[in-house]
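Student: Sequence plus the predicted model coming up.
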Amino acid sequence: MKSRKELTLTSHNTNRQLRLLTELSEKFTHLVADTDTLRQECFKLRYKVYCEENDWLQKENSYGLLKIEKDIYDNHSVHGLLIHKQTGLFAGTVRIILNKTTTSSNMLPIYLLCQKNKLTLPDLVPIENIGEVSRFCIPKSYRNIILRYENQTTKNYSHVSHSVSDIMTINLI
């Protein structure tokens with residue numbers, strides 16, 4: 001059982017985290033990319049970050065001429081966008097791959113990557129209720145804004161147990 005001091009510190013940390021999340025919510029908003037146009041914005045942003053800024057996926061990307069990054073999992077995924085309120089520009093994206101069936105074309109990437117060390121989940125969790133978060137990315141220009149903000153707020157929120165980036169990721173998801 002936690003002592004009164006530990007409970008007070010936990011409550012204090014939670015309040016600071018909530019204030020930090022509120023401050024971030026004033027700068028950013030998010031939405032589900034529920035139209036073809038918004039999903040295309042996700043794919044463009046992923047191309048910018050994964051192919052242009054970091055050169056991670058260009059060899060794998062068959063859509064490079066269109067300047068989008070897309071793969072077989074996008075058709076059964078939910079996509080999200082982070083929007084910088086001041087500029088109205090897209091500042092990040094993430095997807096949640098939905099596990100609709102057990103066929104290899106619809107299977108989650110983690111299952112395909114870990115075939116030798118099969119992942120097992122409790123029987124209480126039906127496979128169709130499991131998803132995989134992937135393709136989370138923030139362009140360099142906004143990563144710098146977030147890192148600067150994180151450095152500034154670290155001084156004010158020294159007892160916060162999660163970084164600004166972690167809180168933004170959780171908020172976007």
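Tutor: Noted; the coordinates are in hand. Computed from a prediction, not measured in an experiment: that's the story for all the values here.
Student: Surely residue 144 forms part of a helix?
Tutor: Yes. Assessed with DSSP: H, G, I helix; E, B strand; the rest coil, residue 144 lies in a helix.
Student: Look up how far residue 99 lies from it.
Tutor: 35 Å (C-beta to C-beta, to the nearest Å). From N, CA and C alone the C-beta is placed, and that goes for glycine too.
Student: Over to residue 110?
Tutor: Per C-beta to C-beta, residue 110 is found 10 Å from residue 99.
Student: Now do the shared contacts for these two.
Tutor: residue 132 (C-beta atoms under 8 Å, 6 or more residues apart in numbering).
Student: Compare these two (neighbour count), which wins?
Tutor: Set residue 110 next to residue 99 and count neighbours by other C-beta atoms under 10 Å: residue 99 wins out with 18 against 13.
Student: Help me confirm that the more buried one comes into contact with residue 112.
Tutor: No. Residue 99 sits out of contact with residue 112 when judged by C-beta atoms under 8 Å, with a separation of 11.7 Å.
Student: Packing partners of the helix or strand hosting residue 132?
Tutor: Assessed by DSSP states H and E, residue 132 sits inside strand 131-137. Judged by 3 or more C-beta pairs under 8 Å, 6 or more residues apart in numbering; DSSP states H and E, strand 131-137 is in contact with helix 36-46, strand 90-98, helix 109-113.
Student: Show residues contacting that strand.
Tutor: Here strand 131-137 makes contact (C-beta under 8 Å, 6+ apart) with 42, 45-46, 49-50, 69, 73, 78, 92-99, 108-110, 169, 172-173.
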